[in-house]
Every structure is written in C-alpha cells, then in structure tokens.
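S.K.: this is a predicted model, with the sequence first.
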Amino acid sequence: MFRKNMEDELLARRFTAAAMGGEKERMALMELMVLKTQSLPEVMQEWLEEYAVQGNIRAQELYCTLAVSGGVKQCDWIRVEQWLLKLAETKPKNAYMLLGTLYTPSAFGYNDAKQAAEYFRKGGESGSGACWASLALLYREYFAEEHSLEEIRELFERGFALGGVVPHSYETLADVCHELGDEKASMQYLQKYHKFVPDDARNCLILGYNYKFGKGCRADAALALKYYQKAANLGDGEGLFQVGLAYFEGSGVSRNYKRALDYFKRATEAGNPRGYFCLGMAYIEGKGAGKNEQKGVAALEIGAELNDIQCCMALVSCYIEGIGVKKDADRVKELIQQARGMQAYAADPLIQQTIDRLEACFLAESEDVNER
C-alpha cells in the first residue's frame with residue numbers, strides 16, 4: 001500500500017509537470033501510462049489526440065494502442081486504421097499486431113476475424129512472434145474446423161521462437177498439446193503459463209490433476225496438493241474439494257479428517273456439490289466428526305438435489321439398507337432413475353456398471369422381502 005501511494009504521488013507530480021510543460025514532457029508521461037496501464041485521463045487523451053492529428057507518429061501509435069484496448073470513447077476507427085497502415089511502413093511488427101487486434105471480434109473496433117488473420121499473418125511474416133501467436137489463437141477460436149491442431153501448434157511454437165510471448169498462448173497451446181496426446185508438452189506449457197498468471201484457478205487445478213495422476217510428469221502427491229491449495233486459496237470449489245480429499249486420504253499430507261471436513265464444507269459453500277458426498281460419508285462412517293447417519297444422509301440429499309451422482313448412488317445404498325433412514329423402495333427407484341438420466345455419465349461404463357449393481361442389489365432385496 002505504501003509503495004502504491006508513493007507511485008500515485010510520483011505520478012501526480014509528473015502530471016503537474018507535464019501540464020505545465022510542452023509536447024515533449026506530455027508525450028513522455030503519456031507513453032509511460034499507456035504502456036503501463038493502457039488508460040489515460042480524459043485531458044491526457046485530448047493531448048494525445050491533438051498531437052496525433054498534428055502528425056506526431058509516436059502519438060498516433062500510442063493513440064491506436066489505447067484505442068484497440070478500449071481506452072478511447074467514441075473512437076474514429078477509420079482514422080485509427082489509416083494511421084496504423086501508415087505506421088506499418090516503418091514499424092510493421094507493432095502496426096500489424098494492432099491492426100489484427102483492431103479486427104479481432106471484440107467489444108472494440110471491427111468484427112472481422114478473416115481480416116484480423118490477414119493482418120496477423122503479415123505481422124508474423126515481418127518477424128513478429130506475437131502476431132504468429134495471435135494468429136494461432138484466432139485459428140483456435142474462430143477457424144478450428146479449417147486449421148488442424150498440428151498447424152495451430154506450429155504457429156504457436158513459431159511465435160514463441162521469435163519471442164512472441166502472449167501469456168494466454170501458453171494456456172491454449174497446453175490444451176492443444178493435450179488434445180494431440182502430447183501430455184509432456186502440455187504440462188510444460190501449463191507450467192510456463194502459471195509463471196505468468198499464478199492466480200488462474202483453472203490452470204492450478206489442471207496442474208494439480210496432472211501431478212496427482214502423473215499426466216506428462218512424474219506423479220507427485222505433494223506437488224498436486226500444492227497446486228490444489230493454490231486454487232483453494234482463490235476460493236475455487238473444486239480446489240477446496242481436492243484439498244479436503246487429500247487430507248481425508250492422506251495424499252501428499254498427513255491424514256487429518258477434521259481438516260478434511262472443514263475443506264469439504266467450504267467446497268459446498270463455494271458451489272461444489274461433491275463436497276456433500278464426502279461430508280455425508282464422513283458423518284455416516286464417523287470420520288472427522290461423531291458418527292451421525294441422519295446428518296450424513298441429509299448432506300447426501302442436498303448433493304443429490306444438485307445432481308451429484310455419487311450422492312445419488314450413496315443414497316440408493318442408504319435407502320436399500322436403512323442407513324440413517326427407513327428403507328424406501330420408491331425413493332430407491334427415483335434415485336436410480338435420476339442417476340441414469342445424468343447425460344454426463346451416460347457413456348461412462350464404470351458409472352453405469354455401478355448403477356447396475358445397485359439396481360441388482362435393490363431387486364434382490366425386494367425379492368427377499370417378498371419371499372418372506
């Protein structure tokens with residue numbers, strides 16, 4: 001906080017000096033601010049536009065950079081493109097990168113992915129690694145059916161070789177390598193992306209999963225927990241659940257049922273229904289809390305309402321065997337039907353086999369009751 005206050009005070013002093021000075025002082029301050037934050041106060045935008053209209057090439061470049069990032073209100077996009085095309089004669093790498101961004105479908109500029117691709121390709125041919133990486137991202141998002149995963153990967157790697165590091169390119173390339181079956185390369189790019197964006201919960205979860213199961217790396221439960229904990233610290237429900245599971249199983253850390261239950265509770269509060277399954281089973285088995293079958297079933301019921309298949313199947317056993325509730329054949333039928341209706345698991349043979357076994361158990365129990 002102290003450092004931020006110091007920086008704000010220094011910036012205020014520089015603004016005062018620039019306001020009292022001339023074009024040189026103002027341009028120096030605006031260049032610093034645009035490159036650092038891609039935003040300018042309204043009065044400084046007026047200065048920048050004035051110098052750009054007067055023909056200051058650097059002012060035109062900064063103004064266009066600001067515009068394509070959404071930092072200019074009521075922008076004249078035709079003029080922006082004209083300035084950038086002129087800039088391409090002397091600075092093709094940056095100009096084509098900005099032109100491609102101008103046409104990439106977004107809230108700013110135009111909405112023409114094909115034109116964007118043409119500009120990014122020109123920039124790449126001019127030696128811009130960032131343009132090759134941006135072209136790969138564009139192909140991945142808008143032209144996936146026209147360009148193979150191998151081509152997209154090659155474009156990314158060509159861009160990286162030229163120093164075109166666009167942080168999210170690493171994340172996308174990791175996904176591409178995963179789809180190509182190259183888990184080792186995927187893992188390498190996930191780790192590179194993490195260095196740039198350490199607070200991306202999704203990336204932390206994938207890294208945790210890969211270390212847990214040895215996907216593209218040596219399995220390491222402690223490292224898996226490290227990344228799951230990062231996701232948990234960001235408030236991610238799956239991260240909280242996985243940390244709870246690690247404590248419950250003693251995977252990468254000493255087993256601690258009480259801590260596991262705390263994480264499962266926090267996972268449910270963050271919207272992860274799987275936490276209800278583990279909470280329910282912990283109460284039913286008396287792990288981490290006093291044994292309380294009724295409380296366990298109540299947790300499972302909440303999870304079932306949220307369409308958690310493990311909760312549904314656990315409840316089937318409870319209603320068949322009378323664990324924490326009275327035996328209830330109608331409820332068993334409802335839960336089996338609910339589990340079979342979950343499309344996400346329709347093609348999972350293990351899940352379907354488990355449902356079949358539970359149903360067979362139910363039918364056997366029903367026949368036994370009838371015989372009596």
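M.R.: Received the coordinates, thanks.
S.K.: excluding its backbone neighbours, what's nearest E61?
M.R.: Excluding its sequence neighbours, the residue lying closest to E61 (C-beta to C-beta, 6 or more residues apart in numbering) is L87, at 5.8 Å. Quick note: C-beta positions are derived from backbone N, CA and C, even for glycine.
S.K.: likewise for G275?
M.R.: Closest to G275 by C-beta to C-beta, 6+ apart is A267, at 3.5 Å.
S.K.: what comes up buried for the host helix or strand of the one you found?
M.R.: If you go by DSSP states H and E, A267 is part of helix 257-269. Residues of helix 257-269 classed as buried by neighbour count (16 or more other C-beta atoms under 10 Å): 257, 259-268.
S.K.: can you add pLDDT and distance to Q294 and give the residues you listed back as TSV?
M.R.: Formatted as TSV, those follow (pLDDT from 0 to 100; distance: C-beta to C-beta, whole Å):
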residue	pLDDT	distance to Q294
Y257	93	19
R259	95	24
A260	95	21
L261	94	17
D262	95	21
Y263	96	23
F264	95	18
K265	94	17
R266	96	23
A267	96	22
T268	94	18
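S.K.: wait, G164 touches L135, no?
M.R.: No. Counting by C-beta atoms under 8 Å, G164 does not reach L135; the two are 9.9 Å apart.
S.K.: neighbour count: the two, which is higher?
M.R.: L135 (29 against 25; other C-beta atoms under 10 Å).
S.K.: which residue is the nearest non-sequential neighbour of that one?
M.R.: F120 (4.0 Å).
S.K.: which residues touch that neighbour?
M.R.: By C-beta atoms under 8 Å, 6 or more residues apart in numbering, the contact list for F120 reads 96-97, 100, 131-132, 134-135, 138.
S.K.: contact partners for the residue nearest to G275?
M.R.: Counting by C-beta under 8 Å, 6+ apart, A267 makes contact with 237-238, 240-241, 244, 274-275.
S.K.: the closest residue to F108 other than its chain neighbours and Y96, how far apart?
M.R.: Nearest residue to F108 in three dimensions, chain neighbours excluded: G70, at 4.5 Å (C-beta to C-beta, 6+ apart). Distance, G70 to Y96, by C-beta to C-beta, to the nearest Å: 20 Å.
S.K.: more crowded one of these two?
M.R.: Neighbours were counted for G70 and for Y96 using other C-beta under 10 Å; Y96 has more, 27 against 14.
S.K.: what average pLDDT does the helix or strand containing that one get?
M.R.: Per DSSP H and E, Y96 falls inside helix 92-103. Across helix 92-103, the average pLDDT comes to 96.
S.K.: please apply the same query to stretch 343-350.
M.R.: Rounded mean pLDDT across stretch 343-350 is 79.
S.K.: now do it: everything it contacts.
M.R.: Identification of contacts with stretch 343-350 by C-beta under 8 Å, 6+ apart yields 309, 339-340, 351-352.
S.K.: most neighbours among the residues you listed, please name it.
M.R.: Within those, neighbour counts (other C-beta under 10 Å) peak at A339, which reaches 24 neighbours.
S.K.: check which helix or strand that residue maps to.
M.R.: helix 329-340.
S.K.: same for that helix, what does it pack against?
M.R.: helix 309-321, helix 349-371 (3 or more C-beta pairs under 8 Å, 6 or more residues apart in numbering; DSSP states H and E).
S.K.: what residues sit buried inside it?
M.R.: Neighbour counts over helix 329-340 (16+ other C-beta under 10 Å) mark 331-332, 334-336, 338-340 as buried.
S.K.: want to throw those residues into CSV with distance to K212 and pLDDT?
M.R.: Formatted as CSV, those follow (distance: C-beta to C-beta, whole Å; pLDDT from 0 to 100):
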residue, distance to K212, pLDDT
R331, 35, 92
V332, 34, 91
E334, 34, 92
L335, 30, 92
I336, 31, 89
Q338, 29, 90
A339, 26, 88
R340, 29, 87
